[in-house]
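> from the sequence below, what's the structure:
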Amino acid sequence: MRISAHVRNSADRHEVTLRTDGRVQGLTVPPRTTGPGSGVNGGELLFLALATCYCNDVYREAARRGLQVERVEVDVEGEFGGEGEPARNVTYRVRAAAQGSEAELRELLHHTDRVAEIQNTLRAGVPVTLAEVKVEGA
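Residues are numbered from 1 along each chain as shown. Reported below is the predicted structural model:
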């Protein structure tokens with residue numbers, strides 16, 4: 001699966017385009033009201049990625065087990081320090097309702113934590129490389 005994200009920002013516009021294997025969709029993210037940039041910060045989006053990945057993976061893994069999940073709620077929180085410092089104390093909590101026993105649901109939720117791709121990407125500390133810089137005249 002090939003995934004990409006594109007941000008285009010100017011004085012009063014903020015456009016986000018996401019692509020997965022050729023499927024393109026926009027995401028509404030407001031521009032910053034106090035100047036140029038995005039109305040949400042990267043930390044918020046990172047934590048949203050963790051919550052979204054886990055939520056989607058619960059449904060995927062439940063389907064593989066023949067479990068019918070009725071609801072998933074995920075809360076992610078953590079801290080950022082000074083400029084350039086990575087996040088720390090990142091934790092998440094999940095509440096879910098499903099058909100089946102409490103033991104089956106608990107095992108599903110713990111299994112999902114072990115296989116959630118975004119969580120595992122952060123846990124592995126994957127390198128991120130600035131591949132190209134282009135500068136245009138104003």
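
> now do the domain split for this structure, please.
Structural domains assigned to the chain are 1-36, 41-124, following automatic domain parsing.

> shouldn't Gly78 be in contact with Thr91?
Yes: in this structure, Gly78 is within contact of Thr91 by Cβ atoms under 8 Å, at 6.8 Å. (Glycine included, C-beta is placed from N, CA and C.)

> more neighbours: which of those two?
Between Gly78 and Thr91, counted using other Cβ atoms under 10 Å, Gly78 has the larger neighbour count: 15 against 9.

> Val7 versus that one, what's the distance?
22 Å (Cβ to Cβ, to the nearest Å).

> likewise Val40?
Applying Cβ to Cβ to Val40 and Val7 gives a distance of 11 Å.

> how confident was the prediction at Ala138?
Reported pLDDT at Ala138 in the predicted model: 64.

> so which bits of stretch 122-135 are buried?
For stretch 122-135, a neighbour-count test (16 or more other Cβ atoms under 10 Å) marks Leu122 as buried.

> let me redo that: stretch 35-55
By neighbour count on 16+ other Cβ under 10 Å, the buried set for stretch 35-55 is 38, 45-47, 49-51, 53-55.

> restricted to helices, list the residues you listed.
45-47, 49-51, 53-55 (DSSP state H).

> for the residue nearest to Ala62 when sequence neighbours are not counted, name its beta-bridge partners.
Spatial nearest neighbour of Ala62, chain neighbours left out: Val69 (4.5 Å); criterion: Cβ to Cβ, 6 or more residues apart in numbering. Assessed by DSSP bridges, Val69 has beta-bridge partners Ala98.

> got a pLDDT number for the most centrally placed residue in the chain?
In the chain, the C-alpha closest to the average C-alpha coordinate belongs to Ala49, at a distance of 0.5 Å (Cα atoms, centre = their mean). At Ala49 the predicted local confidence, pLDDT, stands at 97.

> just give me the neighbour total for the residue nearest to it when sequence neighbours are not counted.
Closest residue in space to Ala49, ignoring its immediate chain neighbours: Ile118 at 5.1 Å, by Cβ to Cβ, 6+ apart. By the criterion of other Cβ under 10 Å, Ile118 has 17 neighbours.

> please consider this matter closed, and thank you.
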